[in-house]
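Colleague: Here is my input; please provide its structure:
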Amino acid sequence: MQQFFSQNQTIVVFAHGLVFFSLGLAVWLQRRRASRLVLTNALIWLAAFATAEAFATWGNVFIPIQQSYMNATLISGLEILQGLLEAAAYLLMVQFGLRLLELDRGLRRWLTAGSIGLWGLIIGAGMAVGHAQHWTAIEWEHSVDNVAALCLLVTGCVLAAIGMWRQRGALSAAGMTGIRPYAAATAAVLSFYALISAVIVVGAPWAPGVITQEHWLSVTGIPVDVVQGLAGLVLCVLAAKLLEIFEFEAKQRVDALERSRAIAEERARFGRDLHDGTIQSIYAAALRLEAIALRSDDDPMCAEVRGVVGDLNHVTDDIRSYITDLAEAPDTASGIADRLRELGAEFDAESQLRVRVQVVGIAASGPIPQGAGKHLTQILREALSNAARHAGRCSVDVRLAFATDEIELVVSDNGSGIVPEDDLSTGLGLRNMHERARRMGGRLEVTSLSPGTRITVSIPLDSDLPDSAPLPQYSSAKVMP
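Modeller: The predicted structure follows:
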């Protein structure tokens, strides 16, 4: 077996890189689709890691072939570039893990900056030590690969495994119990990948692992590339299963659209019945009572009848108002933008806030969920009210961005804070804002700034309806299971 793998080493290494490239490509192709889950939004970092890992692995095939055609200086440059790319791939795995853990944005930024600093430290220390010890380029590349794998790749895989395990709860809450086992299996594969990356390293001046790849091959007869490639293949299959989340959510949107259309038709029918039946009956009864009341102005009973006629007229007006509400037109991007501009101008004129509203992407907007305008208006009203009560005299920037697959509302101030610390867990207003975002299938994040606070609301839109689906008269927000 060892002889077979030795004779086909180039094919084995190429297949190893191809598996990871396929993983990256599969996720990249789904990137444009909207999702409310952190898991699917974080997968782009796994795709970036897999793509970088694929090209770094292919360098083990490409560089030896080029040694017959290029001078030693260019080959050394390619080997250094390969080491930088490999370490960068490990850094991307760390970012994948940090996104899955759903950390506070400020903490995540610090950890991201720390991981980038560690990456730079590994590269810089490798160059300094390599220069002092007169390492060759390949020795430097292998040494940096070993240390970066131990410090970054292992850490990233562990963080990603923990985050993936935690995401099982979000999948269950979203009604995707069939996908939950794949998240658990992915966590197991990532843990295994961290283990082999920590234990098995390539022979080099810096080799902090337990055994070298050469020793592993001599004992087992199986190259580490085969083990890592198989782990990558399993990860690719599991990622494909996880990507079914997009199809599940798209089906939820289509179902919600059909429910919305049925509700709209029922509302229209109900309005017609009220107008053509109930109102006309009340109106006819009022006319008869009024005719009775007109027979004698002196009869006290006639005065009572006229009072009843007035009450019936009020009831008729209330029913007409209710019918008008039933026939309310669906939200549009421009309509929502106008509402938020008016609200911003109102607070700018009547409070101590200086409110600036910026709207972008109206023409690019996908189908607007029914009720989105009302919910976004109330979220902005609550955010501005909190700013007026707690942030003091300050400026508030409101940015409303439309895209084919998402609406994003960002409210940020430079005051002492829109939401007090105790309101973060107990405040009714903040809970209502979270609930409104949830009802639209979106999410709301509150971030402390220095100074100020930022509230971000993201609402996914459905830009992937089947081509055969008719254009909706009404659209609906996704209903959380």
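
Colleague: Reduced to three states, what does residue 366 come out as?
Modeller: The three-state assignment at residue 366 reads coil, by DSSP: H, G, I helix; E, B strand; the rest coil.

Colleague: Next, it: phi, psi?
Modeller: Note on residue 366: its backbone torsions stand at phi -80, psi -170 [degrees, to the nearest 10].

Colleague: Over to residue 398?
Modeller: When read as degrees, to the nearest 10, the backbone of residue 398 gives phi -110, psi 120.

Colleague: Just give the nearest non-adjacent residue to it, would you?
Modeller: Counting by Cβ to Cβ, 6 or more residues apart in numbering, residue 398 lies nearest to residue 357, which is 4.5 Å off, once chain neighbours are set aside. All C-beta spots, glycine's among them, are computed from the backbone N, C-alpha and C.

Colleague: pLDDT weak spots in the stretch 251-400 of the chain?
Modeller: For the stretch 251-400 of the chain, the stretches with pLDDT under 70 are 252-254, 256-257, 259-260, 263-264, 295-299, 325-330.

Colleague: Where do the strands of it begin and end?
Modeller: Assigned by DSSP state E, counting those that start in this stretch, the strands in the stretch 251-400 of the chain fall at 354-360, 395-402.

Colleague: Pairing partners for the longest one, with directions?
Modeller: Pointing back at strand 395-402 there. Looking at strand 395-402 with DSSP bridges, its partner strands are strand 354-360 (parallel), strand 406-413 (antiparallel).

Colleague: List the contacts of it.
Modeller: Residues from elsewhere that reach strand 395-402 (Cβ atoms under 8 Å, 6 or more residues apart in numbering): 333, 336-337, 340, 344, 347, 353-362, 364-365, 376, 380, 384, 387, 407-414.

Colleague: can you do 6 Å?
Modeller: 333, 340, 344, 353-362, 365, 387, 408-414 (Cβ atoms under 6 Å, 6 or more residues apart in numbering).

Colleague: gap between the most centrally placed residue in the chain and residue 159?
Modeller: By Cα atoms, centre = their mean, the chain has its centre lying nearest to residue 41, at 4.1 Å. Per Cβ to Cβ, to the nearest Å, residue 41 is found 16 Å from residue 159.

Colleague: How about residue 66?
Modeller: On the measure of Cβ to Cβ, residue 66 and residue 159 end up 36 Å apart.

Colleague: For those two, indicate the residue with more neighbours.
Modeller: residue 159 (24 against 12; other Cβ atoms under 10 Å).

Colleague: neighbours around the residue lying closest to the more buried one once chain neighbours are set aside, how many?
Modeller: Nearest non-adjacent residue to residue 159, counting by Cβ to Cβ, 6+ apart: residue 97, 2.7 Å away. Residues lying near residue 97 (other Cβ under 10 Å) number 24.

Colleague: And for residue 453?
Modeller: The number of residues packed near residue 453 is 24, by other Cβ under 10 Å.
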